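Student: build me a structure from this.
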Amino acid sequence: MNTYPIPESLAGSYRGDGWALAATLNGQVVAIRYISEIAPGIAEQLEGPHASLFVKQWLGTLEAMSVVRELQALGKVSLGMCRNWEFLEQ
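Tutor: Numbering: from 1, shown residues only. Presented below is the predicted three-dimensional model:
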């Protein structure tokens with residue numbers, strides 16, 4: 001599990017603590033997308049004890065694939081948590 005600082009250049013995308021997909025390039029986060037914003041259908045489950053299960057299931061959907069492809073164009077895509085201006089890869 002890797003931890004990456006979220007750069008100031010992504011301040012407009014940073015929303016605090018939450019599940020997210022991140023694109024990293026050369027060891028730096030270059031883009032983040034919060035699951036609660038891109039998958040509102042599972043937003044309620046993101047706070048519960050089985051959040052990771054719901055997120056991983058969502059990743060297998062067509063809806064997720066378009067976001068993953070967008071991020072893949074920018075770098076390596078990882079699932080994780082944003083917290084305290086860091087992305088913690090899961």
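Student: quick one, strands of this protein?
Tutor: 3-5, 18-25, 28-34, 76-83, 86-89 (DSSP state E).
Student: the longest helix in the chain is where?
Tutor: Determined from DSSP state H, the single longest helix within the chain is helix 62-72.
Student: and that one with strand 18-25, angle?
Tutor: 40 degrees (axes from the mean of the first three to the mean of the last three C-alpha atoms, to 10 degrees).
Student: for E44, see how far away the residue lying closest to I42 once chain neighbours are set aside is.
Tutor: Among residues not flanking I42 along the chain, F54 sits closest, at 4.8 Å (C-beta to C-beta, 6 or more residues apart in numbering). The way it works is simple: take the backbone N, C-alpha and C, and place the C-beta from them, glycine included. For F54, the distance to E44 (C-beta to C-beta, to the nearest Å) stands at 9 Å.
Student: more neighbours: these two, which one.
Tutor: Neighbours of F54 and E44, each counted by other C-beta atoms under 10 Å, are more numerous for F54; the result is 19 against 10.
Student: residue contacts, that one?
Tutor: Contact partners of F54, counting by C-beta atoms under 8 Å, 6 or more residues apart in numbering, are I42, Q45, L46, G48.
Student: ranking the strands of the chain by burial, who's on top?
Tutor: Of all those, strand 18-25 has the most neighbours on average by mean count of other C-beta atoms under 10 Å, namely a mean of 21.
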